[in-house]
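>>> Pasted the sequence and its predicted model underneath.
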Amino acid sequence: MNLNKNCTGFESPSELDRRQWLSRFGMGMGTTALAHLLQSESWGNTDSKRKLHHPAKAKRVIFLFQSGGPSQLDLFDYKSQLIKDNGKELPESIRKGQRLTGMSGNQSSLPLVGTPFQFSKVGQSGQQISEILPHLAQQADDLCIIKSLHTEAINHGPAVTHMQTGSQFPGRPSMGSWLNYGLGSENENMPSFVVMVTKNKGGQPLVSRLWGAGFLASRFQGVRFRADRDPVLYLNNPAGVSTKSRREMLNSLRSLHQHQLANSFDPAIEDRIAQYELAFRMQTSIPQTTNFSDEPEHVLKDYGPDVEKPGSFAANCLLARRLAERGVRFIQLYHPGWDQHGGLPGGIRGQCKETDQPSAALLKDLKQRGLLDDTLVIWGGEFGRTNYCQGKLGANFGRDHHPRCFSIWMAGGGVKPGLSYGQTDAYGYNVTDRGVHVHDLHATILHLLGIDHERLTYKHQGRWYRLTDVHGNVVKPVLA
């Protein structure tokens with residue numbers, strides 16, 4: 001399975017073994033060589049220094065993660081039979097004894113509830129999209145909608161962790177960290193992996209381990225951008241410290257670190273050097289990237305009125321495009337608030353109002369700039385919602401968690417546009433055709449980036465790990 005038994009899964013011989021040899025046996029020569037290695041193998045790696053497993057269709061990923069579990073039945077997976085049988089009991093022939101969450105598993109009745117929203121066939125592809133996504137409907141012919149995604153996780157914590165890291169258990173590297181580790185960055189002045197969370201949104205907590213590096217080196221973790229005067233914490237110099245003083249301090253610190261590395265190899269020291277140097281370069285690049293003053297008025301208008309609010313989903317979508325232009329490899333946006341156990345009709349309308357126009361504008365913007373062809377955009381959550389009502393059926397109904405089938409969409413980056421892939425049953429409860437597991441999705445994403453998911457590996461505590469663990473198949477029919 002592991003065709004390249006080394007620390008990166010790409011190169012041979014092992015980089016760690018080479019550095020250890022230099023530091024332990026090279027004496028003064030080793031110190032000089034090591035300094036050069038540290039300079040060339042920092043966060044400034046370009047993919048020209050990495051050997052891909054096959055030609056890549058995508059160079060970067062923008063993942064618009066909708067935390068909480070959007071209802072596929074009210075957005076993308078239209079079910080006329082479910083609407084017709086609204087209020088009837090969920091048939092046992094459909095449920096088949098499958099487990100429910102503790103929030104609805106003890107209900108005496110599980111009444112079916114169809115969507116209250118109208119669906120229309122849009123675009124030349126005839127994709128069926130809900131009326132509460134009018135802007136995205138205009139981009140239907142660019143979308144590849146997968147309606148048969150499924151997972152084992154039934155609660156938010158394990159499900160989000162599974163989608164982000166390939167495991168339900170904490171401690172594994174995130175998808176962005178795997179890509180940072182495997183491919184490096186296209187811009188030495190920017191981090192390869194950036195994270196943004198919509199400001200002032202409630203919902204399930206989003207913890208930093210979701211974009212952490214796990215057992216990989218810490219320099220591969222995501223860098224979070226915040227909607228503050230200082231987008232990256234502790235990046236700017238303290239009052240009274242000039243750029244010249246900062247540079248002199250870093251030079252001295254680097255010299256001490258290299259002296260220590262020459263005597264005893266410690267990967268954490270190398271990581272620290274790389275992070276200090278990147279932070280210094282980012283002091284100039286980050287303010288330029290986060291300043292929208294050079295954006296034309298028509299572009300700002302496309303993203304909607306919220307683009308003027310720092311930290312909004314709209315502002316983060318525009319910033320994602322600016323980061324993509326600057327060579328950031330993996331851009332992760334989190335938008336919480338989709339956990340609608342009650343009040344779904346009003347709640348999901350509000351969520352769509354916040355996300356629909358910016359998501360569509362991002363696709364349009366990337367396409368106009370020639371970036372969509374090699375940028376893979378992904379939209380989706382950790383699981384879907386039930387076809388039955390949680391609690392009492394009424395106009396203000398809610399839906400429980402549902403891991404057995406849910407929908408996501410992808411666009412650009414080598415996927416087939418205008419495609420609807422996979423099917424669920426007439427009630428939207430089970431996958432009936434062409435199921436796609438979370439591991440399959442991850443394998444497909446890596447494939448589009450030129451990576452064989454079985455060969456991007458890392459040895460930890462005596463075992464070789466990968467994003468897809470021991471699972472996953474590339475979903476070839478969605479490839480363009």
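Yes, it's here.

>>> For the stretch 201-350 of the chain, which segments are assigned as strands?
223-225, 330-335 (DSSP state E, counting those that start in this stretch).

>>> partner strands of the shortest one, parallel or antiparallel?
By that I understand strand 223-225. strand 193-197 (parallel) (DSSP bridges).

>>> what angle do the strand it pairs with and strand 330-335 make?
10 degrees (axes from the mean of the first three to the mean of the last three Cα atoms, to 10 degrees).

>>> Could you export strand 193-197 as PDB, CA atoms only?
Taking C-alpha atoms only, strand 193-197 is exported to PDB below (Å, rounded to 0.1, in the frame of the first residue of the first chain):
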ATOM      1  CA  PHE A 193      -3.400  26.500   4.800                       C
ATOM      2  CA  VAL A 194      -5.700  29.300   5.900                       C
ATOM      3  CA  VAL A 195      -8.900  29.000   8.100                       C
ATOM      4  CA  MET A 196     -11.700  31.500   8.600                       C
ATOM      5  CA  VAL A 197     -14.800  31.200  10.800                       C
END
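
>>> Looking at it now, give me its mean pLDDT.
Mean pLDDT, strand 193-197: 97.

>>> cool, stretch 153-161 as well?
Per-residue scores along stretch 153-161 average to 97.

>>> can you check stretch 232-252 too?
In this model, stretch 232-252 has a mean pLDDT of 69.

>>> Quote the end-to-end distance of that stretch.
24 Å (Cα to Cα, to the nearest Å).

>>> any chance you could map the helices in the stretch 51-200 of the chain?
Here the stretch 51-200 of the chain has its helices, by DSSP state H, counting those that start in this stretch, at 80-84, 92-95, 134-137, 156-165, 175-183.

>>> show me the contacts for residue 75.
Residues near residue 75 by Cβ atoms under 8 Å, 6 or more residues apart in numbering: 129-130, 132-133, 348, 352, 407. Using the backbone N, CA and C atoms, a C-beta is placed for each residue, glycine as well.

>>> Okay, the closest residue to residue 52 other than its chain neighbours and residue 457: tell me how far apart.
Closest residue to residue 52 apart from its sequence neighbours, by Cβ to Cβ, 6 or more residues apart in numbering: residue 450 at 3.5 Å. The gap separating residue 450 from residue 457 is 16 Å, by Cβ to Cβ, to the nearest Å.

>>> Kindly report the same for residue 259.
For residue 259 relative to residue 457 (Cβ to Cβ), the value is 33 Å.

>>> now residue 244
In terms of Cβ to Cβ, residue 244 sits 43 Å off from residue 457.

>>> Point out the most buried one among the helices of the stretch 51-200 of the chain.
Greatest average neighbour count among the helices of the stretch 51-200 of the chain goes to helix 175-183 (a mean of 27), per mean count of other Cβ atoms under 10 Å.

>>> What are the contacting residues of that one?
Contacts of helix 175-183 (Cβ under 8 Å, 6+ apart): 8-10, 45, 47, 50, 61, 63, 164-166, 173, 192-193, 195, 211-214, 216-217, 220-222, 329-330, 332, 442, 445-446, 449, 451, 456, 458, 466-467.

>>> same check, this time on stretch 338-353
66-71, 74-75, 103, 116, 130, 132-133, 156, 203-204, 335, 337, 381, 385, 390-391, 395-400.

>>> Pull out the buried residues from that stretch.
338-341, 344-345, 347-348, 351-352 (16 or more other Cβ atoms under 10 Å).

>>> now it, how far from the chain's geometric center?
Relative to its parent chain, stretch 338-353 has a centroid offset of 22 Å by Cα atoms, centre = their mean, to the nearest Å.

>>> ok so, going back, sort out which of the contacts of stretch 338-353 are buried, if you could.
Buried members of these, counted by 16+ other Cβ under 10 Å: 66-71, 74-75, 130, 132-133, 156, 203-204, 335, 337, 381, 385, 390, 397-400.

>>> Residue 107 reaches residue 386, doesn't it?
No - applying Cβ atoms under 8 Å, one finds residue 107 not in contact with residue 386, separated by 10.7 Å.

>>> Which one's more surrounded, these two?
Between residue 107 and residue 386, counting by other Cβ atoms under 10 Å, residue 386 is the more crowded of the two (24 against 15).

>>> State the helix or strand in which the residue nearest to residue 138 when sequence neighbours are not counted lies.
Closest residue in space to residue 138, ignoring its immediate chain neighbours: residue 360 at 6.3 Å, by Cβ to Cβ, 6+ apart. Using DSSP states H and E, residue 360 sits in helix 344-368.

>>> and that helix with strand 330-335, angle?
Going by the same axes, to 10 degrees, helix 344-368 makes 150 degrees with strand 330-335.

>>> following helix 344-368, which helix or strand comes up?
Criterion used, DSSP H and E; the element after helix 344-368 is strand 375-380.

>>> what are the pairing partners of that next one, and which direction each?
Paired with strand 375-380 in the same sheet, following DSSP bridges, are strand 60-66 (parallel), strand 406-411 (antiparallel).

>>> Tell me which of these is the most buried.
Taking mean count of other Cβ under 10 Å, strand 406-411 is the most buried of the strands paired with strand 375-380, at a mean of 27.

>>> Kindly export that one (C-alpha atoms) in CSV.
Extracted C-alpha coordinates of strand 406-411, given in CSV (Å, rounded to 0.1, in the frame of the first residue of the first chain):
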residue,chain,number,x,y,z
PHE,A,406,-26.7,13.8,2.4
SER,A,407,-25.7,16.2,-0.3
ILE,A,408,-22.7,18.3,-1.1
TRP,A,409,-21.6,20.1,-4.3
MET,A,410,-18.2,20.6,-5.9
ALA,A,411,-17.2,22.9,-8.8
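
>>> per-residue confidence averaged over it?
On average, strand 406-411 scores 98.

>>> Stretch 379-399 too?
Computed over stretch 379-399, the average pLDDT equals 96.

>>> same thing with stretch 311-324?
Here the average pLDDT along stretch 311-324 is 97.

>>> Likewise for stretch 130-146?
Rounded mean pLDDT across stretch 130-146 is 98.

>>> Quick one: end-to-end distance for it.
End-to-end distance (Cα to Cα), stretch 130-146: 15 Å.

>>> again with stretch 86-103
21 Å.

>>> Next: stretch 306-314.
Distance across stretch 306-314, first residue to last, is 6 Å (Cα to Cα).

>>> Which residue is the nearest non-sequential neighbour of residue 378?
Per Cβ to Cβ, 6+ apart, closest to residue 378 is residue 63, 4.7 Å.
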